[in-house]
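*Asks:* 3D, please:
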Amino acid sequence: MVKQTGMVSVFGVWIRLPEERWRHIVREHPELEAVFEQVLTAVGSPDKVLAGNYGELLAIKEVGSGKFLVVVYKESVDDGFVITAFITSRVRQLEKKVIVWPKK
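*Replies:* Residues are numbered from 1 along each chain as shown. As a prediction, the model looks like this:
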């Protein structure tokens, strides 16, 4: 069983990944079952963070040749939580979004 845990985002906010959320993610994306730590690491040490369409953030971390782990999360001033995570090779479509970190 996964304990409720999290990671501090690049913006200094604690982002929670509760067990219930992790079970949902793995149910939808079973390929992520063995990469729990990588999901947390993507939030705390992403290659970049993009702005979503509805106030969410997308932490992107390259995990292989042409493969990227995307962790979608929400954060407020003092707290946040992971919404979902997935692996994609279609990062170019995501990169049409606004990059919020690192600032250029």
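*Asks:* And the lowest mean pLDDT element among the helices and strands of the protein?
*Replies:* helix 91-94 (a mean of 84; mean pLDDT, DSSP states H and E).
*Asks:* buried ones in it?
*Replies:* residue 91 (16 or more other C-beta atoms under 10 Å). C-beta: built from backbone N, CA, C; applies to glycine.
*Asks:* Which pLDDT value does the model give the most centrally placed residue in the chain?
*Replies:* A centroid search over the chain (C-alpha atoms, centre = their mean) returns residue 71, at 1.8 Å, as the residue closest to the centre. With respect to pLDDT, residue 71 scores 98.
*Asks:* Equivalent analysis for residue 14, please.
*Replies:* Reported pLDDT for residue 14: 96.
*Asks:* Please, where are all the strands along this protein?
*Replies:* Counting by DSSP state E, the chain has strands at residues 5-8, 14-17, 48-51, 57-64, 67-75, 80-88, 99-101.
*Asks:* Please name every helix or strand in contact with the shortest one.
*Replies:* With contacts taken as 3 or more C-beta pairs under 8 Å, 6 or more residues apart in numbering; DSSP states H and E, strand 99-101 sits against strand 48-51.
*Asks:* can you list contacts of the strand it packs on?
*Replies:* Outside of strand 48-51, the residues within contact range by C-beta atoms under 8 Å, 6 or more residues apart in numbering are 9-10, 57-60, 94-95, 97-102.
*Asks:* Could I get the buried residue list for it?
*Replies:* 48, 49, 50.
*Asks:* just stretch 80-87 next, same as before
*Replies:* Buried, per 16+ other C-beta under 10 Å, within stretch 80-87: 80, 82, 83, 84, 85.
*Asks:* Among the residues you listed, which one sits closest to residue 67?
*Replies:* Closest approach between these and residue 67, by C-beta to C-beta: residue 85, at 13.1 Å.
*Asks:* Many thanks, we can stop here.
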